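Novice: dropping the sequence and predicted coords here.
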Amino acid sequence: MKRKQDSLLTKQRLLETAFENFYDVGFENTSLEKISKDANVSRGAAYWHFKNKSEIFNEVVTMTIEKIQNEKRQIMMDETLDFEEKVVEILLVPSRAQEGFNFLQQSLKTLEIHSEFSELLQKFRETRARLYEFFLEGLRMKGLNENDAAAVASMFYNYFEGMYGSGTPEEVAKNYNAEAIRRSISIIFTNA
């Protein structure tokens, strides 16, 4: 039992360290050897858990996607919130998990370049499409016609994606807070 627990702790330490390495220097500049060294784990133990850098990268990206998906899913399923409140809460997700979002944004380039990650890239795209569909369906249910619903759903989606974009001017970034988002969403729904 202790051996299995130690193995799980080692794997978790490798995954956390891999996230940091991939986040700091990217996929191309990270090696499984460096990850194992930074995690204070032997190379043999690292290779026992992961056959190569691509495998650990795949797992780190998958875990990050799933963590963010779960947070969005909880909001979407929350029956105590109306659609407008769900939109606000979803738009706040990137600010609560900024490091994960930044990591995914930078990882997207790697997923697009390396064909070995085609399934993961597809999963990433499907996640994004589900978010757009959630917005679109909710707007239809609020009575917007198809064209208006598609336009506003696209805007919400881009608002969400832009929340963690690099190079956002400070005067824009300062409006990435709960009150400003609630106010802007309220204006949209008032005029819809």
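Specialist: Cool, the structure landed. Numbers count the residues shown, from 1 in each chain.
Novice: what comes up buried for stretch 168-183?
Specialist: By neighbour count on 16 or more other CB atoms under 10 Å, the buried set for stretch 168-183 is 176, 181-182. The way it works is simple: take the backbone N, C-alpha and C, and place the C-beta from them, glycine included.
Novice: ok, stretch 90-102 next?
Specialist: 90-94, 97, 100-101.
Novice: list just the nearest of those residues to Phe19.
Specialist: Gly100 (8.7 Å; CB to CB).
Novice: any idea how far Val172 is from Thr64?
Specialist: 25 Å (CB to CB, to the nearest Å).
Novice: beyond the lowest-mean-pLDDT helix or strand in the chain, next helix or strand please.
Specialist: Ranked by mean pLDDT, DSSP states H and E, the weakest helix or strand in the chain is helix 170-173, scoring a mean of 76. Following helix 170-173 in sequence order, the next helix or strand is helix 178-191 (DSSP states H and E).
Novice: can you tell me the SS state at Leu36?
Specialist: Careful, residue 36 is Ser and not Leu. helix (DSSP: H, G, I helix; E, B strand; the rest coil).
Novice: quick one: the helices in this structure?
Specialist: Taking DSSP state H as the criterion, the chain contains helices spanning 2-25, 32-38, 43-49, 53-77, 83-96, 98-113, 118-141, 146-162, 170-173, 178-191.
Novice: list the buried ones in the fourth one?
Specialist: What that stands for is helix 53-77. Taking 16+ other CB under 10 Å as the criterion, helix 53-77 shows 53-54, 56-61, 64-65, 68, 71-72, 75-76 as buried.
Novice: out of those, who's nearest Ala39?
Specialist: Of all these, Ala39 sits closest to Ile56, with 10.6 Å by CB to CB.
Novice: isn't the closest one right up against Thr17?
Specialist: No. The criterion here is CB atoms under 8 Å, and Ile56 misses it with Thr17 at 9.4 Å.
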